[in-house]
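Participant: quick check, what structure comes out for this input:
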Amino acid sequence: MYTLKALGPSTFVLGFRLAGIPVQEAENPLQDFELLFQDKELGIIITDETTIQALPEHFREQVEKRVQPVTVVLSTSTASQETLRKQIQKSIGVDLWKND
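Facilitator: Purely as a prediction, here's the structure:
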């Protein structure tokens, strides 16, 4: 069984911590992601827009394409919602936002 972890600034992870979800405060996002990728039990990383944008572009693309662990970016921006849509479609094979 895979686990999940929230990664981001203290203000972002506070709610997850209160809900009992393991968290890691982001200090150096690149190193933080590399460390999390070594955890073979980790299935989902929940992060915020600020943390994902702090990554070098080539590494951010690798994060977005990675299947295990999958990274979910919580944001109100349209771009991040489109990324989440593609990740869900890739994971379950169905476009949940499709209108028909």
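Participant: other residues contacting the longest helix that the chain contains?
Facilitator: Using DSSP state H, we find that the single longest helix of the chain is helix 78-92. With Cβ atoms under 8 Å, 6 or more residues apart in numbering as the test, helix 78-92 has contacts from 49, 52, 64, 67, 70-75, 94-97. Yep, even glycine has a C-beta here, placed from its N, CA and C like the rest.
Participant: any idea how far L18 is from V70?
Facilitator: The gap separating V70 from L18 is 23 Å, by Cβ to Cβ, to the nearest Å.
Participant: next: L74.
Facilitator: For L74, the distance to L18 - Cβ to Cβ - is 16 Å.
Participant: neighbour count: those two, which is higher?
Facilitator: Shown here are L74 and L18; by other Cβ atoms under 10 Å, L74 has more neighbours (15 against 9).
Participant: report the beta-bridge partners for the more buried one.
Facilitator: Taking DSSP bridges, one obtains D48 as the residues bridged to L74.
Participant: let me see the contact set for it.
Facilitator: 46-49, 80.
Participant: now do 10 Å
Facilitator: 6, 8, 12, 46-49, 52, 80-81, 84 (Cβ atoms under 10 Å, 6 or more residues apart in numbering).
Participant: and the helices in this protein?
Facilitator: 10-18, 29-37, 49-53, 57-65, 78-92.
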